[in-house]
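Enquirer: here is the input, now give the coordinates:
(chains A and B)
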Amino acid sequence: MEAMLRLRLALGFLLLAHLLLLAGSSSHPSQDLQIINAERRIDLTSHIVRVYLTLKVENTGTSQASEILLAFPPTQVDHLALVKAAVVVGKRKKKSYSPLDVKPTEVPEAPNETKYFSVSLINPLNAGESVSLEVLYILTHSLEPFPSEISQSESQLVYYHDSAIMLSPYSVKKQMTFIKTPSTKVESFTRVEPTERGNTELKYGPYEDHHPYSFSPIIIHFENNNPFAVVEELTREVEISHWGSIQVTEKYKLAHGGAQHKGVFSRVDYQSKPSISGVSSFKHLLARLPPRVHSVYYRDGIGNISSSHLRTDSRKSELEIQPRYPLFGGWKATFIIGYGLPLQDFLFESPDGKRYLNFTFGCPLLDTVVDKLTIKVVLPEGSKGPSAMVLFWWNST
Amino acid sequence: MAVSGKPISSPVPEAWYPTLSAFMLVIGLMITASFFIYETTSSKRSRSLAKELTTGAVASVFLGFGSLFLLLVCGVYV
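Expert: Residues are numbered from 1 along each chain as shown, chains lettered A, B, ... in the order given. This is a model prediction of the structure:
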């Protein structure tokens, strides 16, 4: 009796495993989808690289496709800060964008250690249909300064490595890449015909009929004097007080992430010839704070720093700070910014009795890269059962 | 997850803090003063423990709340 039961269980398990294997093998997506048109716009104007992809994907297979894979070379994946995707709904004047879920996935037998992100479609794509996707991804620390050391009067030149052919697990029928540089000074760029160079724009393409996983590396050497503001470490402490205020204290370790400064710093040259001297340095930083902020202070280890301006609005507040000295390549500055916020803008009570703090996760400084961010929330006395949730995908180790 | 709750704010309107702290401290100090006057003007026989205790308790309540609101007015959100 028991043996019969065990045999039945084993058979059942085998059948299930077989079915699962079948299902798994038939959902390999690369053969089904094809990208008809891909347009890539790479924005290199700041030290954060923003890439806008417009893909028109067609389902040439027979089964429904519910996800689209985006492939990235392993060197780029380490520097990815954000991947966002949206599907275009409607045509021409009535276009609207619905955001889609993007998650990193593993695909077995990925060639050359390619990493993938899967975009889940809201309505699965039927056979023969096509959909238009807009993808934005942001890369940080991707511009390599070359020469790596410059003097005060030199301009900063950086390398950008990418591929003229978009890396994709699907075959691409037609694609074009537009690269926008901050100024007209481009020292050199790899030519992959047809290539054109306009004022501040490089055009690669159109390229026709490329196989999946085709890659054509290019290097662009250009001038980028935009502030390379990198916050190496940021600790934010949020104190909640039920008597009506939230106090935020932020400790920054700011550095200039561009080409290292070599030689002497001459204040005379810096102030008398601002168009030649110190073009790659920066001295202003802008922080965007919530509206109705009060008691803002900006100090460092020495004491209060008075070179700051606060402009408030009904929708936002802008704090413009100026460190004690301009930052050249490799120079660092540490400071503390603190401010208070009204409680009713951020703390809510849900119908089931729990209290929620709805607060932004990131750094309020605009156009900066934060390497290490710690947020501490100080709850009022007597709080029980705290839990936290972030609205983006993160590695929970 | 959408946050669909009503905003939480202080049980006492924030605009009242300075006025409340001033009034409570003044009343508390006046009751303290009356306690001192009672102590100094009464003799050992005419003193009543109940009066001393009530005056002290009421004075400490007012002074306590007054100093709480004083701390809140100064920005130390306890």
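Enquirer: distance check, the residue nearest to B:I8 when sequence neighbours are not counted against A:S383.
Expert: The shortest distance from B:I8 to any residue other than its chain neighbours is 4.5 Å, reached at A:L347 (CB to CB, 6 or more residues apart in numbering or on different chains). Placement of C-beta: from N, CA and C, glycine included. With the distance defined as CB to CB, to the nearest Å, A:L347 ends up 12 Å from A:S383.
Enquirer: for B:G56, same thing?
Expert: 34 Å.
Enquirer: pull the contacting residues for B:I31.
Expert: B:T55, B:V58, B:A59, B:F62 (CB atoms under 8 Å, 6 or more residues apart in numbering or on different chains).
Enquirer: could you point out which element follows the helix or strand where it lies?
Expert: Using DSSP states H and E, B:I31 sits in helix B:17-41. Using DSSP H and E, the helix or strand that follows helix B:17-41 in sequence is helix B:49-73.
Enquirer: who are the packing partners of that next one?
Expert: helix B:17-41 (3 or more CB pairs under 8 Å, 6 or more residues apart in numbering or on different chains; DSSP states H and E).
Enquirer: can you tell me the SS state at the closest residue to A:D209 other than its chain neighbours?
Expert: In this structure, A:D209 finds its nearest non-sequential neighbour in A:K173, 6.0 Å apart by CB to CB, 6+ apart. Following DSSP: H, G, I helix; E, B strand; the rest coil, the label given to A:K173 is strand.
Enquirer: could you do A:E233 as well?
Expert: strand.
Enquirer: how close does it get to A:S307?
Expert: For A:E233, the distance to A:S307 - CB to CB - is 23 Å.
Enquirer: more crowded one of these two?
Expert: Ranked by neighbour count (other CB atoms under 10 Å in any protein chain shown), A:E233 and A:S307 place A:E233 first, with 15 against 12.
Enquirer: give me every residue that touches that one.
Expert: Contacts of A:E233 (CB under 8 Å, 6+ apart): A:K251, A:Y252, A:K253, A:D371, A:K372, A:T374.
Enquirer: cool, and A:Q76?
Expert: Counted by CB under 8 Å, 6+ apart, A:Q76 has contacts A:L139, A:S142.
Enquirer: then it would be within a helix, right?
Expert: Yes. According to three-state DSSP, A:Q76 belongs to a helix.
Enquirer: how confident is the prediction for it, by pLDDT?
Expert: For A:Q76, the pLDDT comes out at 88.
Enquirer: mind listing the strands the helix or strand of chain B with the lowest mean pLDDT pairs with, and their directions?
Expert: Using mean pLDDT, DSSP states H and E, the weakest-scoring helix or strand in chain B turns out to be strand B:6-7, at a mean of 84. Its sheet considered, strand B:6-7 pairs with strand A:347-349 (antiparallel) by DSSP bridges.
Enquirer: coming back round to it: same list (the contacts of B:I31) but as JSON lines, adding pLDDT.
Expert: Output for the contacts of B:I31, formatted as JSON lines (pLDDT from 0 to 100):
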{"residue": "B:T55", "pLDDT": "94"}
{"residue": "B:V58", "pLDDT": "95"}
{"residue": "B:A59", "pLDDT": "96"}
{"residue": "B:F62", "pLDDT": "95"}
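Enquirer: now for those: which two are most distant?
Expert: B:T55 and B:F62 (11.0 Å; CB to CB).
Enquirer: neighbour-wise, which of those two wins?
Expert: B:F62 (20 against 17).
Enquirer: ok, the closest residue to that one other than its chain neighbours to B:A59 distance?
Expert: With sequence-adjacent residues excluded and distances taken as CB to CB, 6+ apart, B:F62 is closest to B:G28, at 3.3 Å. Using CB to CB, B:G28 is found at 5 Å from B:A59.
Enquirer: same question for A:Y213.
Expert: A:Y213 is 82 Å from B:A59, by CB to CB.
Enquirer: higher neighbour count, those two?
Expert: It is B:A59, of A:Y213 and B:A59, that has more neighbours when counted by other CB under 10 Å, with 20 against 17.
Enquirer: ok, that one - contacts?
Expert: Counted by CB under 8 Å, 6+ apart, B:A59 has contacts B:G28, B:I31, B:T32, B:F35.
Enquirer: likewise for B:S21?
Expert: B:G66, B:S67, B:L68, B:F69, B:L70, B:L72, B:V73.
Enquirer: nearest residue to it other than its sequence neighbours?
Expert: B:F69 (3.3 Å).
Enquirer: what is the burial count for that neighbour?
Expert: 22.
Enquirer: one more: A:I36?
Expert: Neighbour number of A:I36 under other CB under 10 Å is 15.
Enquirer: helix, strand, or coil at it?
Expert: strand.
Enquirer: A:S132 versus that one, what's the distance?
Expert: 10 Å.
Enquirer: overlap in contacts of the two?
Expert: Joint contacts of A:I36 and A:S132 (CB under 8 Å, 6+ apart) are A:K56, A:V57.
Enquirer: and B:P11, that's in a helix?
Expert: No. B:P11 sits outside any helix when classified using three-state DSSP, being coil.
Enquirer: so what's it up against?
Expert: A:H242.
Enquirer: coming back round to it: quick one: contacts for the residue nearest to B:I8?
Expert: Contacts of A:L347 by CB under 8 Å, 6+ apart are A:I240, A:I246, A:R355, A:Y356, A:L357, A:N358, B:P7, B:I8.
Enquirer: could you dump these to TSV with secondary structure?
Expert: Supplementary listing: the contacts of A:L347 in TSV, determined by three-state DSSP:
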residue	secondary structure
A:I240	strand
A:I246	strand
A:R355	strand
A:Y356	strand
A:L357	strand
A:N358	coil
B:P7	strand
B:I8	coil
